[in-house]
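J.: what shape does this take:
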Amino acid sequence: MKIYLINVGKTNIRYLNEGILIYEKRIKRYVPFEIYDIPELKKTKGLSINNLKDSEGKSIIKYIEKSDYSILLDNKGKEFDSPEFSGYIQRLMNRSLSTVYFFTGGVNGFSKDVYSKADELISLSKMTFPHQMIRLIFAEQLFRAFTILKGEPYHH
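T.: Model prediction:
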């Protein structure tokens, strides 16, 4: 199974990028893993939040339409603790999915169209985090999930 993390916008905070790269390399020991950033929209002044989400959504939907399985990282989604998340990843692998896409939306979230096309929503926490930090948190938790599945000591 290949896993993609698709983000709206770039991470422009150096220490977050460094952390994301560390976990990206670690995850690749277990599965093929790639991170793509969809460029943020230019000239958004005067756009309503819904228009902005709809425009970003068109870029996201391009990935959803070609994916085997699409999961939105969204505060409305199902929550897991780390062992439960590792079980969730194992269940995805057991389904013989060739590709799983995880998506982080823009700062205003996802459009209605994106929600309607996604297969599932998961939440990383009930807490609110800076938008760019979610990418690092997700990468760390994905790495942690694989160490749990392999019985490696990282989780402890």
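
J.: can you list the buried residues in the lowest-mean-pLDDT helix or strand in the chain?
T.: Lowest on mean pLDDT, DSSP states H and E among the helices and strands of the chain sits helix 49-66, with a mean of 85. If you call a residue buried by 16 or more other Cβ atoms under 10 Å, then helix 49-66 has these buried ones: 52-53, 56-57, 59-61, 63-64. For the C-beta atoms, the positions are set from N, CA and C on the backbone; glycine is no exception.

J.: can you name the residues in contact with that helix?
T.: Surrounding helix 49-66, the residues in contact under the criterion Cβ atoms under 8 Å, 6 or more residues apart in numbering are 4, 6, 8, 36, 38-41, 44, 47, 70, 101, 103, 105-106, 108-114, 117-118.

J.: one more pass at 6 Å, please.
T.: Helix 49-66 is contacted from outside by 6, 8, 38, 41, 44, 70, 101, 103, 106, 108, 111, 113-114, 117, using Cβ atoms under 6 Å, 6 or more residues apart in numbering.

J.: for the chain, what's the longest strand?
T.: strand 69-79 (DSSP state E).

J.: quick check: phi and psi on Phe80?
T.: phi -130, psi 150 (degrees, to the nearest 10).

J.: which residues sit in contact with it?
T.: Tyr88.

J.: is the residue of the chain most remote from its centre in a helix, a strand, or coil?
T.: Residue farthest from the centre of the chain, counting by Cα atoms, centre = their mean, is Gly46 at 28.4 Å. For Gly46, the assignment made with DSSP: H, G, I helix; E, B strand; the rest coil gives coil.
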